[in-house]
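*Asks:* Here you go, sequence then predicted model.
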Amino acid sequence: MQPSITNAMLTKFETEKEMSNKSISRTESGVKIIRTTSTFDCGGRCPIRLHVKDNRIIRIEGDDAEKSEQLRTCLRCRAFRQYVHHPQRLMYPQKRVGARGQGKFERISWDEALDTMANELNRVKETYGNEGIFLATGGAYLAGLHNGGFAAQRLLNQFGGCVTHYGNISSEGAVWASLTQYGSVMVGHSRDDMLNSRLILLWGWDPARMISGTNTMYHVIKARENGARVIAVDPRYHDTAATVADEWIPIYPGTDTAVFVAMAYVMIKENLHDQAFLDKYTVGFEKFRDYVLGQEDGVNKTPAWASEISGVPAETIERLAREYAGTKPAALMDCQGPARSAMGEQYNRCAATLSAMTGNVGRPGGSACGGLMGIPVGHMFRMSAIPPGKNPFEMDGPNVKGTLDIRLRVIKRVHINTIFDAILKGKKGGYPSDIKMMWSMCNNYLNQTGNSNKAARALEKLEFLCVNELFMTAQARYADLLLPVTSAAERSDLTRPWPSGPYFTFMNRALEPLGECKSDFDIASELAERLGIKDFNPHTEAEWLKMFVELNPEYQKHIKDYDKFREEGIHRVKLPEPIVAFKEQIEDPENNPFPTPSGKIEIFSQRVADLDKPDTPPIPKYMPTPEDRNDPLFEQYPLQLLTPHPKNRVHSELYLVSWLREVEEHRAWVNPLDAESRGIKDGDDIFVFNDRGKVAIKAWVTGRIMPGVVCIFEGAWYNPDKDGVDLGACANTLTKDAYSGGGAAVLNSSLVEIEKI
Amino acid sequence: MQIGFYFDQTRCTGCSACRVACKDWNDVPAGPQNWMRVLYTEKGKFPQPFVSYMIAPCWHCAEPLCAEACPVDAITKRAEDGIVLVDSEVCLGKAECDLKCLKACPYDAPQFGPENNAKMHKCNFCLDRHLQGNLPDCIEACPVRALDAGPLAELEKKYGSNKEAVDFKYSRRTKPAVVIKAKKLPRALT
């Protein structure tokens, strides 16, 4: 997210009257109905109406717009009140009294808590310098004002700086690919455009479960009902495939690019590709063609070659290539999951290259690919937030704006999937600093980045760990100091749809803070006073929010009546026609070059060639990786692990909510062939393990996953027993803390074995 | 008049938003008591599995055998709209009457909590919402608009008269108030 207002702009603001109360309606029984949204990193952003009585949410209703306009929330927010009022919410500050990680804490006052934190910040700064402080922020609260990440960054920047991380766990492969190919991350179509598609390829995409924007699955279903043929290419027959797919093509994880390349081979050999489109809008197709036809490395990328790698029959690849090239328009829907792998960005780049070869870029009913699916109306990347200012620690670093060179990004920062390795190894391990203390908020990275056992070891090593949290998460257990924070229901704030609109949302505070909870911004503000930082938070909540809207050009373009927006909790943008990424570039290329150096779609990227890195070739390529099926480790660990989004929580958020927990038991998907050969029956307790760790989980024996692949949904909380077996079955106990050439977190390239307990 | 449900099985992803919304609106704790269940069927083998879901609320039958079976007349059917209601205060409890309503119901609609001698509860078509002219909460909760509700005759007019599907068999004895757009089972699996 890029905050779009600056410190200088803030001073111009004039105090406005406090918010009026029109957003609240009252029923006869004294129940207030508050219009708001949640702030989860969930894939959607849905208007919800909270029924509140005596500072408790007693019921929830969804959007009450005209039926055709309704943005319908999923099961997660239907259980929102159990999350907000959960008996295990942290309600007061606590300090550690047992061994670190043991989870024993004692209640303390806010004064003691804030004094402790201020003292530790001062101590570490004086002893080791600001570089000893690590700030870990995440996507658990996606709003502009009370977002702990921006507030803490602003505070620490004014305190002299800190080290922080680069990138996010979800989408770096897709971001890198989109920037390389198109020079833009706005590669999506508004979802209604799928109704223009005649063929939809769900390639590693399961919106029924991971949402991908409110109402997306609804539009996929409508597209199918409108006559589109739907093919799912995925190691699993997931919920979306089970609902809409005419055909399921199972494929080994990490091998999508090989099949794409072979599809290109078929198109080139059979002259099915759109050469005129390639000539007009792209650069470098010849180099890609040479690679595909083996003129670069002597390997013909035939369907037989890809079949060997991917497990997809050669004739299926041929048929798929002909069908995709011959059906116009066709939407190849790549996503981010397959890109969270050892060469993940190649998947999105190669998908985008196929899209250009078939002339589906910039075309209604087509898809530019790139995996991000965002549109430039209401996009989260353009939200307003507290201006963090500049980090003094990074002032002497390289300019990384827009760079494709991940090496530059990790000179002053730590890649998100190596945070714990950086804590363990410090400067000697090539990291920017020796980390002595960590301040964590809006994340549970021990649980949600690779190699949880290593993360636990790293957290044990820290001199001090302060965690702002709502719950005693896997990571919070390792804290020295726990600061209880308010939920989204206890805050007014501005939110954006995930990953895009066309609409904007406003959160109206429904509850006074529960217990002694404070917002992350309030915590940072109170710390600022103790650290002697002046003017850290010069405005009221109402002033900040109005200012965010008034100073953001996108809000200004669409929102003419701020009070109406706030009272309704939403502003919907009416589109005259569906948004199609790069439509202008395709319709009028002379006047609308692509924002790349060449002004065209870069199938060959000179910027990437200049990096001269073997893991990021200038054209998209399939490359073997560690822990693929050809790795010698495969002998010992012959199953590939997938770690997709769970449907009944948001990553690791909502994990304790019982209405959601009971919807789906946490189980490992195992194909009957793999189960039978190991004496495993449906419902058996099994170990899933590799050299990084061992989890205990129930087996779900199902024909919905291909042989050779096991699936554990991410986000269950890490809970090691005395022998180190993770009884919570956190998927990341088994994954690797590594990143790809384009910066993708490598979370779907893990080999494992399973056995009956 | 008889109210009823419409279910489009071809749209249902099994997400369970209906089930969670039901628990929220009616304040039903987590546990065995589920007024709206989502049934799952998986047939066939890799690489051609068949998957379907079927909602399971109370179908507010025209002939509610549960009401006849209840020894204390705790179950009644409203004349004006056919909604079948249970008075949990009157119910004897699952241990005392040995689950007579549940045994009479072909659809397992009567629901009981985990406690000893739990009283019966079940879907009441969100009567409070119905009386205010609103649809049951599950209907409005469905993210893919697979659900509808209203007067059964109107639903039949709008959606046809099919009342058979995977995980649902129409009971001629009870006459459940439902219309279903069924997901087709591949011939090889029938």
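*Replies:* Looks like it arrived, so ask away.
*Asks:* Give me the neighbour count for residue 29.
*Replies:* Unless you meant another one, I'm taking chain A. By other Cβ atoms under 10 Å in any protein chain shown, the residues close to A:Ser29 number 8. For every residue, glycine as well, the C-beta is placed using N, CA and C.
*Asks:* I was after chain B.
*Replies:* The local packing of B:Pro29 (other Cβ under 10 Å) involves 12 other residues.
*Asks:* what do you get for B:Thr76?
*Replies:* The tally of other residues near B:Thr76 (other Cβ under 10 Å) stands at 15.
*Asks:* And A:Val283, by the same measure?
*Replies:* A:Val283 has 19 nearby residues by other Cβ under 10 Å.
*Asks:* who does it bridge with?
*Replies:* Per DSSP bridges, the residues bridged to A:Val283 are A:Glu602.
*Asks:* The residue nearest the centre of chain B - nearest residue in space that isn't next to it in sequence?
*Replies:* In chain B, the C-alpha nearest the mean C-alpha coordinate belongs to B:Pro57, at 1.7 Å (Cα atoms, centre = their mean). With sequence-adjacent residues excluded and distances taken as Cβ to Cβ, 6 or more residues apart in numbering or on different chains, B:Pro57 is closest to B:Cys123, at 4.1 Å.
*Asks:* For that neighbour, grab the count of nearby residues.
*Replies:* Here the count is done by other Cβ under 10 Å, and B:Cys123 has 27 residues near it.
*Asks:* which SS class is it?
*Replies:* coil (DSSP: H, G, I helix; E, B strand; the rest coil).
*Asks:* dump the residue contacts of it.
*Replies:* When contacts are counted by Cβ atoms under 8 Å, 6 or more residues apart in numbering or on different chains, B:Cys123 touches B:22, B:35-36, B:57-58, B:60, B:109, B:136.
*Asks:* Rebuild the residues you listed as CSV, extending it with secondary structure.
*Replies:* Formatted as CSV, the contacts of B:Cys123 follow (three-state DSSP):
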residue, secondary structure
B:Cys22, helix
B:Trp35, coil
B:Met36, coil
B:Pro57, coil
B:Cys58, coil
B:His60, coil
B:Ala109, coil
B:Pro136, coil
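*Asks:* What's opposite the residue lying closest to A:Ile435 once chain neighbours are set aside in the beta bridge?
*Replies:* Excluding its sequence neighbours, the residue lying closest to A:Ile435 (Cβ to Cβ, 6+ apart) is A:Phe134, at 4.4 Å. For A:Phe134, the beta-bridge partners are A:Val163, A:Met438 (DSSP bridges).
*Asks:* returning to that earlier point: give me the phi and psi for the residue nearest to B:Pro57.
*Replies:* phi -50, psi 130 (degrees, to the nearest 10).
*Asks:* do A:Ile58 as well
*Replies:* Per degrees, to the nearest 10, the backbone of A:Ile58 is at phi -110, psi -20.
*Asks:* Quick check: closest non-adjacent residue to it.
*Replies:* Nearest-residue entry for A:Ile58: A:His51, 5.1 Å, with adjacent residues in sequence omitted and distances by Cβ to Cβ, 6+ apart.
*Asks:* Measure how buried the one you found is and give me the count.
*Replies:* 20.
*Asks:* Check whether it sits in a helix, strand or coil.
*Replies:* A:His51 ends up strand, using three-state DSSP.
*Asks:* for chain B, what spans make up the strands?
*Replies:* Secondary structure of chain B (DSSP state E): strands at B:3-8, B:37-43, B:50-56, B:75-77, B:84-86, B:111-112, B:120-121, B:147-151, B:178-181.
*Asks:* Would you format those as JSON lines with distance to A:Gly101 and mean pLDDT included?
*Replies:* Shown next, in JSON lines, are the strands of chain B (distance: least, Cβ to Cβ, whole Å; pLDDT from 0 to 100):
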{"stretch": "strand B:3-8", "distance to A:Gly101": "48", "mean pLDDT": "98"}
{"stretch": "strand B:37-43", "distance to A:Gly101": "38", "mean pLDDT": "98"}
{"stretch": "strand B:50-56", "distance to A:Gly101": "41", "mean pLDDT": "98"}
{"stretch": "strand B:75-77", "distance to A:Gly101": "54", "mean pLDDT": "98"}
{"stretch": "strand B:84-86", "distance to A:Gly101": "49", "mean pLDDT": "98"}
{"stretch": "strand B:111-112", "distance to A:Gly101": "41", "mean pLDDT": "98"}
{"stretch": "strand B:120-121", "distance to A:Gly101": "43", "mean pLDDT": "98"}
{"stretch": "strand B:147-151", "distance to A:Gly101": "46", "mean pLDDT": "98"}
{"stretch": "strand B:178-181", "distance to A:Gly101": "52", "mean pLDDT": "98"}
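*Asks:* List just the one of those strands that sits closest to A:Gly284.
*Replies:* Of all these, it is strand B:50-56 that lies closest to A:Gly284, at 42.1 Å by Cβ to Cβ.
*Asks:* if we can go back for a sec, my guess is the residue nearest to A:Ile58 contacts A:Thr36. True?
*Replies:* No. When contacts are counted by Cβ atoms under 8 Å, A:His51 is not listed as touching A:Thr36 (11.7 Å).
*Asks:* In the chain, where is pLDDT below threshold?
*Replies:* As the question left the chain open, I've gone with chain A. By pLDDT under 70, the weakly predicted segments of chain A are A:1-28.
*Asks:* All good on my end, thank you.
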